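K.L.:
Give me the fold of what follows.
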Amino acid sequence: MTPTSRRLLALLALVLVPAFAGLRASQAPAALAAACEFDNIERIVAVGDVHGAYDRLLAILRAAAVIDSRNRWIGGRTHLVQTGDVLDRGPDSRQALEFLRRLARDAERQGGRVHALIGNHEVMRLLGDFRYVVPGEYAAFTDANSEATRRAVIGRSPADQRARLEAETPLGMIEMIRAVGPGQDLGKYLRTLNAVVRINGIVFLHGGISPAVAPMTCTEINDTVRRELGPDFEKTRANPGESLAAREDGPLWYRGLASEPETFAPEVKKILAAQHARAIVVGHSAAPGPIRNRFDKTVFLIDTGMQPAYFPNGRPSALEIRGNVLTAIYTDGRQVIADGNVAALNGPPYGRGPGVLSGGIR
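P.N.:
A predicted model of the protein is given here:
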C-alpha cells in the first residue's frame with residue numbers, strides 16, 4: 001500500500017465514523033427488493049455506460065424519443081434500461097444520476113419504467129475506491145461550508161499528516177464520501193439499484209453473466225448484491241474480491257461475453273439456457289464505434305464510449321428493442337441490427353419454466 005493510499009484510508013475513517021454514527025452498515029436493513037422480471041413490454045430502450053457525460057446522455061435519449069427538448073419523459077410505456085456506470089471519469093456524473101432518478105418518477109406516471117442498474121463504478125464509489133473520480137465530480141458536492149468542513153475533518157488527523165492530507169483532499173471530497181454513506185439519501189439510493197433485469201426474455205446488466213453466476217436468478221443476484229452493500233457492507237469492504245458485487249466473474253465486472261473467442265459459443269448457450277433467456281445486453285466493455293453483437297446475435301455490447309474525455313472517438317448510443325427487431329440508435333441515425341423470429345423450445349417465449357429459448361435474435 002502506498003503512502004497516499006494509507007492517508008486516504010485514514011481520511012475515509014475520519015469521515016465515515018460520523019457518517020455511520022447511529023447506523024452501522026451491519027445494522028442497516030437490506031434495501032427493499034425491486035422487481036426484476038418483466039414480460040410483454042412493447043418497447044425497450046437500453047443505454048450503456050454514461051461516466052458523467054450528462055449532455056450526451058440527454059442527446060441520445062432525445063434521439064431515442066424517450067425525452068423531449070425540455071428533458072421530460074415522452075416514452076409512454078417504454079422501459080428504459082441504463083446498465084450502470086453513471087459515475088466516474090466525467091464531471092457531470094452527479095447531475096446524470098439525479099436526472100435518471102427524476103426521470104424514473106416521470107416515466108412511472110405515464111406507465112413507463114426506468115431501470116437504473118448498478119455498475120462496478122457505483123460499487124467502487126461505495127467501497128471508497130476513488131481512482132477514477134475526476135475533479136468536477138468532487139466539485140459537484142461543494143457548498144459554502146466546504147473549506148471549514150475540510151479543516152474540521154483533517155484537524156482530527158495527526159499533526160504531521162495534515163498538510164499532506166489537505167493537499168490531497170479536494171473540496172467536495174468529504175461531502176461526497178459522506179453522501180454515499182448507508183444513512184444518506186444518495187447512499188441509500190445506490191444500494192437499492194438492481195444489478196440485473198430480465199425483460200421479454202432478454203437479460204440486461206452491466207458486466208455480464210459468467211458460467212459461475214448463470215445458475216442464479218435475477219432475484220438471487222440482486223438480493224445478494226444488495227445484502228453485500230447493505231447489512232454485509234463492512235465484510236464486503238474488507239474483502240471485496242470475495243463478494244458477488246466486486247469479484248471478477250461477478251455480474252458487474254465479468255468481461256467474458258465481450259472478450260472470449262467465438263469458440264466460447266457453447267458456454268454462452270449454456271448461460272442462456274440457465275437464465276431462460278434469448279439474449280444478453282451488457283455495457284462495461286467499451287468499444288468506440290457501433291453497437292456490436294456476438295455469438296450468433298445472442299450478446300449485444302452497448303458501451304460505445306459515451307464520455308469523450310475518456311474515449312475521444314466514442315459516441316452515445318442506445319439499443320431499441322421492439323419484439324424481435326433490434327435497432328441501434330445514434331444521434332445521427334439508426335440501423336436495424338437484428339430482425340426476425342425467435343423459436344421457443346418446450347415452453348412459452350418468455351417463461352421461466354423448463355423450456356429454454358434457441359438461437360438468439362435473427
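K.L.:
Contacts only, for residue 334.
P.N.:
320, 327, 328 (CB atoms under 8 Å, 6 or more residues apart in numbering). The C-beta positions use only the backbone N, C-alpha and C, and glycine is treated the same way.
K.L.:
next one: residue 123
P.N.:
229, 245, 246, 252.
K.L.:
element containing it, please.
P.N.:
helix 120-127 (DSSP states H and E).
K.L.:
What residues sit buried inside that helix?
P.N.:
120, 121, 122, 123, 124, 125, 126, 127 (16 or more other CB atoms under 10 Å).
K.L.:
Closest one to residue 42 out of these, please.
P.N.:
residue 122 (29.0 Å; CB to CB).
K.L.:
Against residue 235, how distant is residue 35?
P.N.:
27 Å (CB to CB, to the nearest Å).
K.L.:
Residue 80 now?
P.N.:
Distance from residue 80 to residue 235, counting by CB to CB: 33 Å.
K.L.:
Show the model's pLDDT score for residue 340.
P.N.:
Listed pLDDT for residue 340 reads 70.
K.L.:
Give me the spatial nearest neighbour of residue 293, chain neighbours excluded.
P.N.:
residue 300 (5.1 Å; CB to CB, 6 or more residues apart in numbering).
K.L.:
for that neighbour, helix, strand, or coil?
P.N.:
Put simply, residue 300 is strand when judged by DSSP: H, G, I helix; E, B strand; the rest coil.
K.L.:
So what pairs up with it in the strands?
P.N.:
Beta-bridge partners recorded for residue 300 (DSSP bridges): residue 281, residue 293.
K.L.:
wait, isn't residue 75 in contact with residue 114?
P.N.:
No. Using CB atoms under 8 Å, residue 75 makes no contact with residue 114, being 9.0 Å away.
K.L.:
joint contacts of these two?
P.N.:
Counting by CB under 8 Å, 6+ apart, the shared contacts of residue 75 and residue 114 are residue 107.
K.L.:
what's the distance between the residue nearest to residue 293 and residue 83?
P.N.:
Distance from residue 300 to residue 83, by CB to CB: 11 Å.
K.L.:
What ranges does the stretch 251-362 of the chain have for its helices?
P.N.:
Taking DSSP state H, counting those that start in this stretch as the test, the helices found in the stretch 251-362 of the chain are 256-259, 265-275.
K.L.:
hang on, residue 100 in a helix?
P.N.:
Yes. When classified by three-state DSSP, residue 100 is found to be part of a helix.
K.L.:
thought it was touching residue 116?
P.N.:
Yes. At 4.9 Å, residue 100 counts as touching residue 116 under the criterion of CB under 8 Å.
K.L.:
what sits in contact with each of those two?
P.N.:
By CB under 8 Å, 6+ apart, the residues touching both residue 100 and residue 116 are 82, 86.
K.L.:
Which one's more surrounded, those two?
P.N.:
Set side by side, residue 100 and residue 116 show more neighbours around residue 116, with 22 against 19, by other CB atoms under 10 Å.
K.L.:
quick one: that one and residue 101 touch, right?
P.N.:
Yes. Under the criterion of CB under 8 Å, residue 116 makes contact with residue 101 at 7.5 Å.
K.L.:
With only the CA atoms kept, save stretch 54-68 in PDB.
P.N.:
Extracted C-alpha coordinates of stretch 54-68, given in PDB (Å, rounded to 0.1, in the frame of the first residue of the first chain):
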ATOM      1  CA  TYR A  54     -24.600  14.200 -19.000                       C
ATOM      2  CA  ASP A  55     -25.100  16.200 -22.200                       C
ATOM      3  CA  ARG A  56     -24.500  13.200 -24.300                       C
ATOM      4  CA  LEU A  57     -26.900  11.100 -22.200                       C
ATOM      5  CA  LEU A  58     -29.600  13.700 -22.900                       C
ATOM      6  CA  ALA A  59     -28.800  13.800 -26.600                       C
ATOM      7  CA  ILE A  60     -29.200  10.000 -27.100                       C
ATOM      8  CA  LEU A  61     -32.400   9.900 -25.000                       C
ATOM      9  CA  ARG A  62     -33.800  12.600 -27.300                       C
ATOM     10  CA  ALA A  63     -32.700  10.700 -30.300                       C
ATOM     11  CA  ALA A  64     -34.500   7.600 -28.900                       C
ATOM     12  CA  ALA A  65     -37.700   9.600 -28.400                       C
ATOM     13  CA  VAL A  66     -37.600   8.900 -24.600                       C
ATOM     14  CA  ILE A  67     -37.400  12.600 -23.600                       C
ATOM     15  CA  ASP A  68     -38.300  15.900 -25.300                       C
END
